[in-house]
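*Asks:* sequence and predicted structure, then a few things I'm wondering about:
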Amino acid sequence: MVESTYIWDLLEEVSDPEVPVLSVVDLGVVREVSIQDEQVYITITPTYSGCPAMKTMEDDIRKKLAEHQVKKVIIETVLSPAWTTDWLSENGRYKLKEYGIAPPENEVDKSVLFSEPTRVPCPKCDSTNTRMISQFGSTACKAHYQCNSCKEPYDYFKCLK
């Protein structure tokens, strides 16, 4: 009989298709794993409701489990509660920075304070002398920044609460 810890370990090997340095577990997309009558149930939540990578994640999860002879799998996508960057693992935050993407900062609510964009430390040199280039980066969950100190451009994984 398959144990849920075994399934969680396999899911650690499934990469996020948009940020391949992260697993779907690091990203916090996998919310629950349960096993009933030899059937594996996995609950996933998209980073945002229109995330185009969810189908790929689901396919990759099925493929990884099938490689390990786990074939009775039901994957349910749930939208509530909504995913937040709080669900990123500490290991995932570390991996993002090492990959060159600034992990989420604890941002103030921009609807209350109309101020400067968040100062996001550069993942290369840690300078906070940075500026937002575009509110939208290579994916909807990232913004594009540039470090004024080392001049490197980089993505910032936006804080979603």
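*Replies:* Thanks, I have the structure now.

*Asks:* please report how far the residue nearest to Tyr94 when sequence neighbours are not counted lies from Asn91.
*Replies:* Nearest non-adjacent residue to Tyr94, counting by Cβ to Cβ, 6 or more residues apart in numbering: Pro103, 7.9 Å away. (Glycine included, C-beta is placed from N, CA and C.) Pro103 sits 11 Å away from Asn91, going by Cβ to Cβ, to the nearest Å.

*Asks:* and the two? Which one has more around it.
*Replies:* Neighbour count, other Cβ atoms under 10 Å: between Pro103 and Asn91, Pro103 has more, with 20 against 13.

*Asks:* next up, phi/psi of the more buried one, please.
*Replies:* Pro103 adopts backbone torsions of phi -70, psi 160, taken as degrees, to the nearest 10.

*Asks:* how near is it to Leu79?
*Replies:* From Pro103 to Leu79 the distance is 24 Å (Cβ to Cβ).

*Asks:* do the same with Ile42
*Replies:* Ile42 sits 15 Å away from Leu79, going by Cβ to Cβ.

*Asks:* quick one, which of those two is more surrounded?
*Replies:* The neighbour comparison of Ile42 against Leu79 (other Cβ under 10 Å) goes to Ile42, with 23 against 10.

*Asks:* I'd say the more buried one and Glu76 touch.
*Replies:* Yes. Here Ile42 lies in contact with Glu76, judged by Cβ atoms under 8 Å, at a distance of 7.3 Å.

*Asks:* quick check, pLDDT for the residue nearest to Tyr94.
*Replies:* Looking at Pro103, its pLDDT is 92.

*Asks:* having no further points to raise, I will conclude here.
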